[in-house]
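> how would this look folded up:
(chains A and B)
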Amino acid sequence: MSEALGNNFEGLLREALAPVEPPEDLALRLESTLESITEMAADELQEWELSSMRDPRNWARPAAALVVGGGAGVALVLLRSRRRTHSSGGLGGARETAERTVRDLRRETRKLLGDR
Amino acid sequence: MDEQVEEKERKKSKAQLDAEFSDLYRAHLRDVYSYAYYRIGNHHDAEDLTEQTFLQAYRHFERAQRESHGRPLRPWLIRIAHNLAANLYRDRARKPATPIDESTTLTAPHTTEQLVEGREELTRVLGGVQRLPEDRREALIMRFALGMDNREIARALGRSDGATKVLIHRAIKQLEGFVNDSDGEERQQPEKEGEGHDE
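Here you go, the predicted model:
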């Protein structure tokens, strides 16, 4: 095999490391997550704009950074809670998940706002 | 009041930013997934890593665009995946849980005949890739699975173009050595078995 390899080793390598198509459900899940965070981000921006008009102390706040960062943070929390919902069964599990999600949201929000 | 105007301009560009991120996602989902899969070695973790990569990328997209000065963002995206994969290994303090599943890596168009004839060789090559030092393995994944050029790989790995060229050259040479060695070992194996039978 050595001779053959010497001739076209890079070709063989290209074949061995062929690109891997992502599973369809991953693409769907990821697209819907990204879609929901962009929507969330837009809503947050609108809310922030209204409140900032009323409160001049907020005028200097970096809204775009807050929206992008905040949106991704919330999305991460939602993803985590979705995974936990799958792993924990029954109503008790759902309640625990909801409580954990609220705690996670508080923590993430604190982290995001604390960064700025 | 200037700040208000500035904020309004930022808001205007947000829709455009989202659209551009969406383009980036569509163009490079397969790249990120392929990188994650060959880097980690199993589909489950590769899916998680891909998700986390795009969420991180979305979070920092605006800044990355600003700082890229029009250069392609694929190296930046792969760099995020690289960092997340490193964190994953650090957290779990383990090597890939399962070896690469050859049946799923052969997703490029092959005829059945080619698949059967080439399978053994490809398995040896993949086995060799897994034995390479991390930086060499990554460089080969970027070059051959993602089709990145030296400059892109250099940016993703945070090295100079020259150092990347040398890295790839050495990685190929080392891999060739591994594959040739395993070929030699396999040839010797039946002889040993034969000797055993004679006794």
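
> Give me the buried positions along the one helix or strand B:Asp48 maps to.
Assigned by DSSP states H and E, B:Asp48 falls within helix B:43-68. For helix B:43-68, burial by neighbour count (16 or more other C-beta atoms under 10 Å in any protein chain shown) applies to B:43, B:45-62, B:64-65. Where you see a C-beta, it was placed from the backbone N, CA and C, and this is true even at glycine.

> Equivalent analysis for stretch B:124-135, please.
Neighbour-count burial for stretch B:124-135 flags B:Arg124, B:Val125, B:Leu126, B:Gly127, B:Gly128, B:Val129, B:Leu132 (criterion: 16+ other C-beta under 10 Å).

> ok and the helix or strand hosting B:Asp23 relative to helix B:43-68, angle-wise?
Assigned by DSSP H and E, B:Asp23 belongs to helix B:2-40. Counting by axes from the mean of the first three to the mean of the last three C-alpha atoms, to 10 degrees, helix B:2-40 lies at 140 degrees to helix B:43-68.

> Return the distance of helix B:2-40 from the chain's centre.
Chain-centre distance of helix B:2-40: 20 Å, with C-alpha atoms, centre = their mean, to the nearest Å.

> Could you do stretch B:134-148 as well?
With C-alpha atoms, centre = their mean, you get 6 Å for stretch B:134-148.

> Check whether that stretch comes near chain A.
Yes: against chain A, stretch B:134-148 shows contacts by C-beta under 8 Å from any C-beta of the partner chain at B:Leu140, B:Ile141, B:Phe144, B:Ala145, B:Leu146.

> Quick check: buried residues in that stretch?
Buried residues in stretch B:134-148 (16+ other C-beta under 10 Å): B:Arg136, B:Arg137, B:Glu138, B:Ala139, B:Leu140, B:Ile141, B:Met142, B:Arg143, B:Phe144, B:Ala145, B:Leu146, B:Met148.

> if we can go back for a sec, any idea how far the helix holding B:Asp48 is from the chain center?
Relative to where its chain is centred, helix B:43-68 has its mean C-alpha point 14 Å off (C-alpha atoms, centre = their mean).

> tell me what that helix is packed against?
Where contact means 3 or more C-beta pairs under 8 Å, 6 or more residues apart in numbering or on different chains; DSSP states H and E, helix B:43-68 is packed against helix A:24-54, helix A:63-87, helix B:2-40, helix B:74-92.

> among those helices, which gets the worst mean confidence?
Lowest mean pLDDT within the helices and strands packed on helix B:43-68: helix A:63-87, a mean of 44.

> Quote the end-to-end distance of stretch B:34-50.
Terminal residues of stretch B:34-50 lie 9 Å apart, using C-alpha to C-alpha, to the nearest Å.

> ok, B:Leu84 touching B:Glu51?
No: look at B:Leu84 against B:Glu51 with C-beta atoms under 8 Å: they stay out of range, at 9.9 Å.

> pLDDT weak spots in chain B?
B:1-2, B:5-12, B:93-118, B:183-199 (pLDDT under 70).

> domain ranges for it?
Domains of chain B are assigned by automatic domain parsing as B:1-98, B:107-199.

> so is A:Glu21 in a helix, a strand, or just coil?
coil (DSSP: H, G, I helix; E, B strand; the rest coil).

> From B:Arg63, how far out is it?
30 Å (C-beta to C-beta, to the nearest Å).

> same question, B:Phe144
Relative to B:Arg63, and taking C-beta to C-beta, B:Phe144 is found at 30 Å.

> Phi first, then psi, for whatever residue of chain A ends up closest to chain B.
Taking C-beta to the nearest C-beta, chain B has its nearest neighbour within chain A at A:Ala18, 3.3 Å off. Backbone torsions of A:Ala18, given as degrees, to the nearest 10, read phi -60, psi 140.

> Then B:Asp181?
According to degrees, to the nearest 10, B:Asp181 has phi -60, psi -50.

> Nothing else from me, thank you.
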